[in-house]
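Q: Show me the folded form of this:
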Amino acid sequence: MCAQKKNKMKKLLLYLCMPLASLVLLASCIKENYDDCERCELTFSYTGDVSYDIFPQQITRVSLYVFDADDRLVQTKRIEQNELKAFQGTKLNLEPGDYRVVGVGNSFNKTEVTNLSSSNMSQIQFHHPKADDGGVVEGNDSLYLGQKTFTIPSNYWYEDDVPFRSSHLKVSYTVKDYVNPAAA
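A: Numbers count the residues shown, from 1 in each chain. Prediction:
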């Protein structure tokens, strides 16, 4: 009787585990040829003025630009807030080689990308939409930038972190010889 119970437990376990194992194998990229696989996983981080990661509190959207070794644009990707909440980064399908990734966090309507069709990093510009027409440029306190250069090896998974920095400047000033009119 005990042997029958063990056999039933083994069958039940087999029936439960096989679908899960199949799902994992189908969802992953197991091949001899990795051309169709996302072989690069990049995470994003931002520490600001603290010693721990505050990326989720500060950055809600990332526009990612991937350049090859010749600084030609090979891929763009926009990662929205819901995706960043699920995974603080992204996966990329890149051929083996050298790359530079540029991430712009929280660009919203305060950052315009021009000359993107040139596909050449030296000609692509990031600036405020009103910067060229002499209009008033509002602050860009919510804008963050990240950059990383890396090499994707042949037939190998690559993982790395792209650290972001704030794009705004911190300025302090002192006015010498100031006389407060109310005190005079």
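Q: which stretches of this structure form strands?
A: Ranges of strands in the chain, per DSSP state E, are 40-45, 62-68, 73-79, 89-92, 97-105, 112-114, 125-127, 144-152, 158-166.
Q: a markdown table please, covering these and showing mean pLDDT and mean neighbour count.
A: (Glycine included, C-beta is placed from N, CA and C.) Shown next, in a markdown table, are the strands of the chain (pLDDT from 0 to 100; neighbours: other Cβ atoms under 10 Å):
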| stretch | mean pLDDT | mean neighbour count |
| --- | --- | --- |
| strand 40-45 | 96 | 18 |
| strand 62-68 | 95 | 20 |
| strand 73-79 | 95 | 15 |
| strand 89-92 | 96 | 19 |
| strand 97-105 | 95 | 19 |
| strand 112-114 | 81 | 14 |
| strand 125-127 | 78 | 15 |
| strand 144-152 | 94 | 16 |
| strand 158-166 | 95 | 16 |
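Q: between the ones you listed, which gets nearest to Thr174?
A: The closest of the strands of the chain to Thr174 is strand 158-166. By Cβ to Cβ, the value is 23.3 Å.
Q: Now do the closest one: everything it contacts.
A: 39-48, 55, 59, 89, 101, 103, 105, 141, 143-148, 150-152 (Cβ atoms under 8 Å, 6 or more residues apart in numbering).
Q: what pairs with that strand, and is each one parallel or antiparallel?
A: Applying DSSP bridges to the sheet, strand 158-166 is found paired with strand 40-45 (parallel), strand 144-152 (antiparallel).
Q: Now tell me what touches the first one from outside.
A: The one in question is strand 40-45. Counting by Cβ under 8 Å, 6+ apart, 53, 55, 59, 62, 84, 88-94, 101, 103, 105, 146, 148, 150, 152, 157-164 sit against strand 40-45.
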